[in-house]
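**Student:** here is my input, please return the structure:
(chains A, B, C and D)
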Protein chains: 2
Amino acid sequence: MNDSRYVSTAQVAEVLGVGVTTVKRWVDEGILPAHRTAGGHRKLLLADVLRLARQSNFPNQNLGPLFAAGHALVPAHVQDLEQALFVALERGDGDLVRSLIQGAYRRGVPVDDLADGVIAPAMQRIGHDWETGKIDVFHEHRGSQLCVAALHELIGLVSSSAAGRRPLALGGAPEKDPYVLTSLLAELVLRQDGWQVVNLGPNTPLASLRKAVNELKPRLLWLTVSYLEDADTFLTEYRQLYQESDRLGVPVAVGGRALTDSLRARMPYTTYGDGMAHLSAFARTLSPGKRRPPRGRPTKQSNG
Amino acid sequence: MNDSRYVSTAQVAEVLGVGVTTVKRWVDEGILPAHRTAGGHRKLLLADVLRLARQSNFPNQNLGPLFAAGHALVPAHVQDLEQALFVALERGDGDLVRSLIQGAYRRGVPVDDLADGVIAPAMQRIGHDWETGKIDVFHEHRGSQLCVAALHELIGLVSSSAAGRRPLALGGAPEKDPYVLTSLLAELVLRQDGWQVVNLGPNTPLASLRKAVNELKPRLLWLTVSYLEDADTFLTEYRQLYQESDRLGVPVAVGGRALTDSLRARMPYTTYGDGMAHLSAFARTLSPGKRRPPRGRPTKQSNG
DNA sequence: GACAGAATCGTCTAAATCGACTGTTTAATT
DNA sequence: AATTAAACAGTCGATTTAGACGATTCTGTC
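**Tutor:** Predicted coordinates:
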């Protein structure tokens, strides 16, 4: 198992902006303490690297990839990660939020796990603390903004180059639903799966979404509903949207915590999902290009 | 993609059109932030170099070498750029939007010009086309989302190193104002100017903003008002916010197209601005006088 | 126009860093 | 346990940088 306290020379080199050779020499000269494996590989203690970084006046935001290897602050398990993210969001520590999310991704945490098991629960707890008066609204807003920024950055990381024609997914959140995060998470997982995504964002009238389906002819339509003002008008408009999509052969994936069982029973849809893992799995059945990871050591998720 | 955020003194010298010796001296004098390797080599953060390049007028700044990636053709004049961005936004061409915005920044277009002369007008035209029925809501939403994504990416580019304590700016948009873009543009220009920014985003109750001022003790409070539901209640709450800020010695900068002349006449504020250029200029009067490099040497660029 | 001060430039050597090479180690998959 | 591809170690030459020095050029003033 990879002991999460240790990092490799290459990781240190990338973060510190120097060559691998330099890091090796520093270790040999005693500037950086390190342990060696039985085979001779250098294993650097994260704390030592961080100490050197502080001494050299490093910008915090560039230390993100280092946390990817697993720091005490970036736990190995998703529950601990969620807890850490929650704290970082509540404190408003933007650098830490970025480090945690990016680090988890680079360490190999699947994006749907990241969405369903880390980001969504953390923001839900923030929202709960706000509703119960434990924190002020501005704490929630600040955390949400930090999350959005980190997600946009992550989306930029996972988006593959536009090689070949990728299937198009269209989606958003309905009118009066102000939550940007859920549609952003949907965009994230779909992009990770190789889709081309048009995210109309929150507060999108369903009638307008219907026009978009007509014009863009997507291969998939998703709808995340976190908040509903009027269920009846929503149902009416949604049925029209579904009818149109069905006519065009566009599958409709719905989700979101505002869709109660009773409400869902009155809705037609192609698939319903509790989280992004469902959406991702469903999308994969539609997209033919399901690439399997190569053998051997898993590829580092760096993208060009 | 050469995504190394660090650059060497020689690269900086070439880009800024000055000698290597000068760059070294600037770093030693604290004009340019940098950290040193264990061997003493200076490592500069790209964002810091770019900010310096914009703050002072260099004889020949050729930002090209720092960005190897060949981008789409970026028009030279802001009007053409705005037109190109408008078309890209309306078409939903996300890659083009990113290229235009980032390309303009890299070409040396100041961020306040980018905000006031390109992004804001383009989105305003999109909004106008939507109101007049020329395009559908989803076009507007799609364009807005693309803009937000591109801006978040740009913010990541301009954010500087955390070395030293930077002044804190706090801000957002009031309740019922759903526009994310204006507060995002404010965050962009402030970050470009070296501020640390807490952006509470749209739809922030002013009472909550008041609590945030109390808790965070910022050096500057900004408020962008693009839409107002009820001017009277806004005024009441705003006056309380201003009173509290004034008591704490926090200057208040307001702006946004919802603040009409008559409304503004009834508001106290430290400064009002039509655009981000005003905000940036005002913020610079507050920011501790950062040492600026003396005049560059305009002639003789050839080297042996 | 001449002067003084300041800022910049190019050049030098020692030192630090980089990149490429080959053989070895690691760890996930079968 | 065997397989396999990625990542690492060790080495060496090529390149780059730091630091210091004097010469050059710019700016403002008399």
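**Student:** find the closest residue to DNA strand C in the stretch 1-150 of chain A.
**Tutor:** Nearest residue of the stretch 1-150 of chain A to DNA strand C: A:Gly39, at 2.0 Å (Cβ to the nearest atom of the strand). Every C-beta, even on glycine, is put in place using the N, C-alpha and C of the backbone.
**Student:** in a strand, that residue, correct?
**Tutor:** No: applying DSSP: H, G, I helix; E, B strand; the rest coil, one finds A:Gly39 to be coil, outside a strand.
**Student:** tell me how many other residues surround it.
**Tutor:** A:Gly39 has 5 neighbours, counted by other Cβ atoms under 10 Å in any protein chain shown.
**Student:** that one and chain B: what is the separation?
**Tutor:** Here A:Gly39 is placed at a distance of 26 Å from chain B (Cβ to the nearest Cβ, to the nearest Å).
**Student:** same question for A:Asp232.
**Tutor:** A:Asp232 is 21 Å from chain B, by Cβ to the nearest Cβ.
**Student:** can you check A:Lys24 too?
**Tutor:** 12 Å.
**Student:** ok, back up a step: look up phi and psi at the residue of the stretch 1-150 of chain A closest to DNA strand C.
**Tutor:** phi -80, psi 0 (degrees, to the nearest 10).
**Student:** I'd assumed A:Ile31 was in contact with A:Leu52.
**Tutor:** Yes: using Cβ atoms under 8 Å, A:Leu52 makes contact with A:Ile31 at a distance of 7.5 Å.
**Student:** now list whatever residues contact both of the two.
**Tutor:** B:Ala38 (Cβ atoms under 8 Å, 6 or more residues apart in numbering or on different chains).
**Student:** which residue of these two possesses the greater neighbour count?
**Tutor:** The neighbour comparison of A:Leu52 against A:Ile31 (other Cβ under 10 Å) goes to A:Leu52, with 19 against 15.
**Student:** which residues does that one contact?
**Tutor:** Remark: with contacts taken as Cβ under 8 Å, 6+ apart, A:Leu52 is in contact with A:16, A:31-32, B:38.
**Student:** and A:Arg165, how many neighbours does it have?
**Tutor:** 7.
**Student:** quick one: secondary structure of it?
**Tutor:** Following three-state DSSP, we place A:Arg165 in the coil state.
**Student:** please report the distance of it from chain B.
**Tutor:** Taken as Cβ to the nearest Cβ, the span from A:Arg165 to chain B is 14 Å.
**Student:** one more: A:Val49?
**Tutor:** Remark: distance between A:Val49 and chain B (Cβ to the nearest Cβ) = 12 Å.
**Student:** likewise for A:Glu153?
**Tutor:** For A:Glu153, the distance to chain B (Cβ to the nearest Cβ) stands at 6 Å.
**Student:** same thing with A:Gln55?
**Tutor:** Going from A:Gln55 to chain B by Cβ to the nearest Cβ gives 9 Å.
**Student:** how about the nearest residue to A:Asp129, chain neighbours excluded?
**Tutor:** Spatial nearest neighbour of A:Asp129, chain neighbours left out: A:Ile135 (4.7 Å); criterion: Cβ to Cβ, 6 or more residues apart in numbering or on different chains.
**Student:** same question for A:Thr204.
**Tutor:** According to Cβ to Cβ, 6+ apart, the nearest residue to A:Thr204 is A:Gly172 (4.1 Å).
**Student:** which phi and psi does the residue nearest to A:Thr37 when sequence neighbours are not counted have?
**Tutor:** Leaving aside its chain neighbours, A:Thr37 sits nearest to A:Lys43 (6.2 Å; criterion: Cβ to Cβ, 6+ apart). Backbone torsions of A:Lys43, given as degrees, to the nearest 10, read phi -120, psi 120.
**Student:** now for A:Lys43: which residues touch it?
**Tutor:** By Cβ under 8 Å, 6+ apart, the neighbours of A:Lys43 are A:3, A:6-8, A:34-37.
**Student:** that older thread, enumerate every residue touching the residue nearest to A:Asp129.
**Tutor:** So, once contact is read as Cβ under 8 Å, 6+ apart, A:Ile135 ends up touching A:90, A:126, A:129.
**Student:** need the helices for the stretch 151-300 of chain A, in chain order.
**Tutor:** A:180-192, A:206-216, A:231-248, A:261-265, A:276-286 (DSSP state H, counting those that start in this stretch).
**Student:** nearest to B:Thr271, of those?
**Tutor:** Among the helices of the stretch 151-300 of chain A, the nearest to B:Thr271 by Cβ to Cβ is helix A:180-192 (29.9 Å).
**Student:** domain assignment for chain A?
**Tutor:** Structurally, chain A divides into domains by automatic domain parsing as follows: A:6-68, A:78-158, A:168-286.
**Student:** for DNA strand D, which of those is the nearest?
**Tutor:** Between those, domain A:6-68 lies closest to DNA strand D; by Cβ to the nearest atom of the strand that is 2.8 Å.
**Student:** hmm, the closest one touching DNA strand D?
**Tutor:** Yes: counting by Cβ under 7 Å from any atom of the strand, DNA strand D is contacted by domain A:6-68 at A:8-11, A:20-21, A:24, A:28, A:40-42.
**Student:** now that domain: how far from the chain's centre is it?
**Tutor:** 27 Å (Cα atoms, centre = their mean, to the nearest Å).
**Student:** unless I'm mixing things up, A:Val20 is touching A:Gln11, no?
**Tutor:** No: contact criterion Cβ under 8 Å: A:Val20 and A:Gln11 do not qualify, at 9.8 Å.
**Student:** more neighbours, these two?
**Tutor:** Just comparing A:Val20 and A:Gln11: by other Cβ under 10 Å the higher neighbour count belongs to A:Gln11, 21 against 14.
**Student:** only C-alpha atoms, please: export the helix or strand containing the more buried one in CSV.
**Tutor:** Per DSSP states H and E, A:Gln11 falls inside helix A:9-16. Output of helix A:9-16 as CSV, limited to C-alpha atoms (Å, rounded to 0.1, in the frame of the first residue of the first chain):
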residue,chain,number,x,y,z
THR,A,9,10.8,12.9,-6.1
ALA,A,10,8.9,13.6,-9.3
GLN,A,11,5.9,15.0,-7.3
VAL,A,12,8.2,17.2,-5.3
ALA,A,13,10.0,18.4,-8.4
GLU,A,14,6.7,19.3,-10.1
VAL,A,15,5.4,21.2,-7.2
LEU,A,16,8.7,23.0,-6.4
